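Peer 1: heads up, no residue letters with this:
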């Protein structure tokens with residue numbers, strides 16, 4: 001790529017282009033920050049409906065939130081739905097929330113995974 005490629009663009013074009021690229025690359029784990037919910041420590045299993053069937057997860061909670069997520073079962077394609085679930089698991093752990101953008105091309109798999117995590121969280125929530 002030519003080093004002078006961006007230098008030939010006017011300044012008013014560079015900034016929006018760079019902001020757009022930054023937003024696109026950081027959108028993978030976009031979500032809301034952690035909530036102040038309190039949980040009973042333990043391991044809770046949850047279930048949701050994926051693209052090809054049920055999605056089951058085990059969520060380990062401490063009093064402050066999610067410590068780990070294990071995908072126990074799913075029938076979705078490993079390269080699409082399974083990969084999306086793994087990415088969403090990482091984002092859920094990083095952000096401490098299930099309010100995340102779904103992975104394009106694996107919407108139903110991702111929605112099933114997040115529903116399963118929410119099911120597990122509801123079981124451990126202190127009311």
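Peer 2: The structure has been received and is ready for your questions. All of these numbers come straight from a predicted model, not from anything done at the bench. Numbering: from 1, shown residues only.

Peer 1: Every contact and neighbour count from this point should use C-alpha atoms.
Peer 2: Noted.

Peer 1: Partner strands of the helix or strand residue 44 falls within and their direction?
Peer 2: In this assignment (DSSP states H and E), residue 44 forms part of strand 42-49. Strand pairing for strand 42-49, using DSSP bridges, gives strand 54-62 (antiparallel).

Peer 1: buried residues in the following helix or strand past the partner strand?
Peer 2: Sequence-wise, the next helix or strand downstream of strand 54-62 (DSSP H and E) is strand 65-73. Applying a neighbour-count criterion of 16 or more other Cα atoms under 10 Å, one finds 65, 66, 67, 69, 71 buried in strand 65-73.

Peer 1: which residues touch the first one?
Peer 2: I take that to be residue 65. Neighbouring residues of residue 65 by Cα atoms under 8 Å, 6 or more residues apart in numbering: 37, 38, 39, 96.

Peer 1: do that again at 6 Å, thanks
Peer 2: Applying Cα atoms under 6 Å, 6 or more residues apart in numbering, we find residue 65 in contact with no residue.

Peer 1: now the last one
Peer 2: With contact taken as Cα under 6 Å, 6+ apart, residue 71 is in contact with residue 57.

Peer 1: so what's it bridging to?
Peer 2: Note on residue 71: beta-bridge partners by DSSP bridges are residue 57.

Peer 1: and the residue most central in space within the chain, what element?
Peer 2: Among the residues of the chain, the one closest to the centroid is residue 88, at 2.9 Å (Cα atoms, centre = their mean). Per DSSP H and E: residue 88 is located in helix 83-95.

Peer 1: Any chance you could list what contacts stretch 74-81?
Peer 2: Contact partners of stretch 74-81, identified using Cα under 6 Å, 6+ apart, comprise 52, 53, 54, 55, 106, 109.

Peer 1: ok, so of the residues you listed, who is nearest residue 121?
Peer 2: Nearest to residue 121, judged by Cα to Cα, of the contacts of stretch 74-81 is residue 55 at 14.8 Å.

Peer 1: wait, isn't that closest one in contact with residue 46?
Peer 2: No: the pair residue 55 and residue 46 fails to qualify as a contact (Cα atoms under 6 Å) at a distance of 8.2 Å.
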